[in-house]
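Q: no sequence on this one, just coordinates:
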Ligand SMILES: NC(=O)C1=CN([C@@H]2O[C@H](COP(=O)(O)OP(=O)(O)OC[C@H]3O[C@@H](n4cnc5c(N)ncnc54)[C@H](OP(=O)(O)O)[C@@H]3O)[C@@H](O)[C@H]2O)C=CC1
Ligand SMILES: CC[C@](O)(C(C)=O)C(=O)O
Ligand SMILES: [Mg+2]
Ligand SMILES: [Mg+2]
């Protein structure tokens, strides 16, 4: 297994070149600021609105997506996945030149055929394995988040070295960059966020909170126990795996962990995880998400409203008011 670190990447690959970061949201603001701090010349592509203003306030030159595409050697597409295909068709594709590189941080649109670039541009991916705000925070602290590299199309023969230079610019080679394919990144990323990191974790937290409060325990204690402390437990796993977390907790907790974990995440849960993975692999999830957006997101919006009303959100907001060190 090959992992790329600082010495495997050369920022000179981007010297004298402009990197356009299209979109200044979660990943866009973080990657753009890290690149700039690494000495890379960055131009932001945006539409008039809050992101444009924010990027200017952060000291960037901001231009339209079309102009950014025209002026850049590398175009990193960091708009929401469901918006990328239309903006690509209307504002990026007409201005692409042979030898440019299109970069992504997630393979959704290339893997599921929503964006089909011309054969004479490089197409690669540097996907940070982290939420955008931590891409920035960890870089500022002197570290980096791990990343995945994939080359879909190498028209120039330099796609990999240029993508690695980009990975170095955003800090990923400090932690390690693993080479993969667009298919593997797309399928594992969707699975991870649905089954474990986001869908799985929020369902577990809510079920624990509801079990305690429905049994008459106070919501404040249920919040501390099932949500707040989860971060502290996961921090220990992040630092040293399951063993470090189990070293720090009491033996009572560790015995309870061994006895109870497999009663909560059961064989049935794992069977369902396999079904979720199959749906992702067969493109069923992608189709559902594309159609949901075409219909104006009725399901997404309804569930989002309902989730905001969950009592764990109300009690959490009150409790966090007193914990001023927690970032807003
Ligand atoms: N969020 C994350 O941490 C991670 C994301 N990724 C991937 O990174 C990519 C970006 O995701 P993320 O950072 O979450 O995206 P965001 O939802 O944060 O991106 C929003 C940005 O896109 C801009 N935008 C939206 N529509 C348009 C448009 N029509 N024209 C120009 N700009 C537009 C918004 O501008 P405006 O303010 O004008 O609306 C805003 O700047 C995706 O491929 C995602 O899968 C990968 C790893 C983690
Ligand atoms: C876990 C969600 C993620 O895949 C990420 C932060 O890596 C995303 O799409 O935002
Ligand atoms: Mg991810
Ligand atoms: Mg993702």
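A: Right, received. Where do you want to start? Quick caveat: nothing in here was measured; it's all calculated off a predicted structure. Ligands and ions are numbered 1, 2, ... in the order given.
Q: host element of residue 75?
A: Per DSSP states H and E: residue 75 is located in strand 74-77.
Q: Packing partners of that strand?
A: Strand 74-77 sits against strand 18-22, strand 101-104, helix 159-169, with contacts defined as 3 or more C-beta pairs under 8 Å, 6 or more residues apart in numbering; DSSP states H and E. For glycine as for every other residue, the C-beta is placed from the backbone atoms N, C-alpha and C.
Q: Contacts for it next, please.
A: 14, 17-23, 31, 45, 68-69, 84, 88, 92, 96, 100-105, 126, 162, 166 (C-beta atoms under 8 Å, 6 or more residues apart in numbering).
Q: picking up where we left off before, nearest to residue 213, of the helices and strands packed on strand 74-77?
A: Taking C-beta to C-beta, strand 101-104 is the member of these nearest to residue 213, at 42.0 Å.
Q: Now do the following helix or strand past that closest one: everything it contacts.
A: Moving toward the C-terminus from strand 101-104, the next helix or strand (DSSP H and E) is helix 108-111. If you take C-beta under 8 Å, 6+ apart as the criterion, helix 108-111 is touched by 81, 84-85, 88, 104, 114-115, 117, 123, 125, 152, 182-183, 186-187, 190, 286.
Q: how about 7 Å then?
A: If you take C-beta atoms under 7 Å, 6 or more residues apart in numbering as the criterion, helix 108-111 is touched by 81, 84-85, 104, 115, 123, 152, 182-183, 186, 286.
Q: for the closest residue to ligand 4 within the stretch 1-150 of the chain, what are its contacts?
A: Distance from ligand 4 to each residue of the stretch 1-150 of the chain (C-beta to the ion) is smallest for residue 106, at 5.4 Å. The neighbours of residue 106, taking C-beta under 7 Å, 6+ apart as the test, are 81, 127, 186, 189.
Q: please redo it, this time with the cut-off set to 6 Å
A: residue 127 (C-beta atoms under 6 Å, 6 or more residues apart in numbering).
Q: what separates it from residue 227, distance-wise?
A: According to C-beta to C-beta, to the nearest Å, residue 106 stands 27 Å off from residue 227.
Q: What segments of the stretch 201-328 of the chain are helices?
A: 219-223, 229-248, 251-264, 267-281, 284-294, 298-308, 311-321 (DSSP state H, counting those that start in this stretch).
Q: three-state assignment of the closest residue to ligand 4 within the stretch 101-250 of the chain?
A: Proximity of the stretch 101-250 of the chain to ligand 4 (C-beta to the ion) peaks at residue 189, 4.4 Å away. In three-state terms, and counting by DSSP: H, G, I helix; E, B strand; the rest coil, residue 189 is helix.
Q: does any bit of stretch 31-50 sit next to ligand 2?
A: No - contact of stretch 31-50 with ligand 2 (C-beta under 6 Å from any ligand atom) is absent, the minimum separation being 12.8 Å.
Q: Report the distance from that stretch to the chain centre.
A: Averaging C-alpha positions (C-alpha atoms, centre = their mean, to the nearest Å) puts stretch 31-50 17 Å from its chain's average.
Q: Look up how far ligand 2 lies from the residue most central in space within the chain.
A: Ranked by distance to the mean C-alpha position of the chain (C-alpha atoms, centre = their mean), the top residue is residue 131 at 4.6 Å. Residue 131 sits 4 Å away from ligand 2, going by C-beta to the nearest ligand atom, to the nearest Å.
Q: Count the neighbours of the closest residue to that residue other than its chain neighbours for me.
A: Spatial nearest neighbour of residue 131, excluding adjacent residues (C-beta to C-beta, 6 or more residues apart in numbering): residue 26 at 6.5 Å. By other C-beta atoms under 10 Å, the residues close to residue 26 number 17.
Q: Residue 132 is in contact with residue 26, correct?
A: Yes - in this structure, residue 26 is within contact of residue 132 by C-beta atoms under 6 Å, at 3.2 Å.
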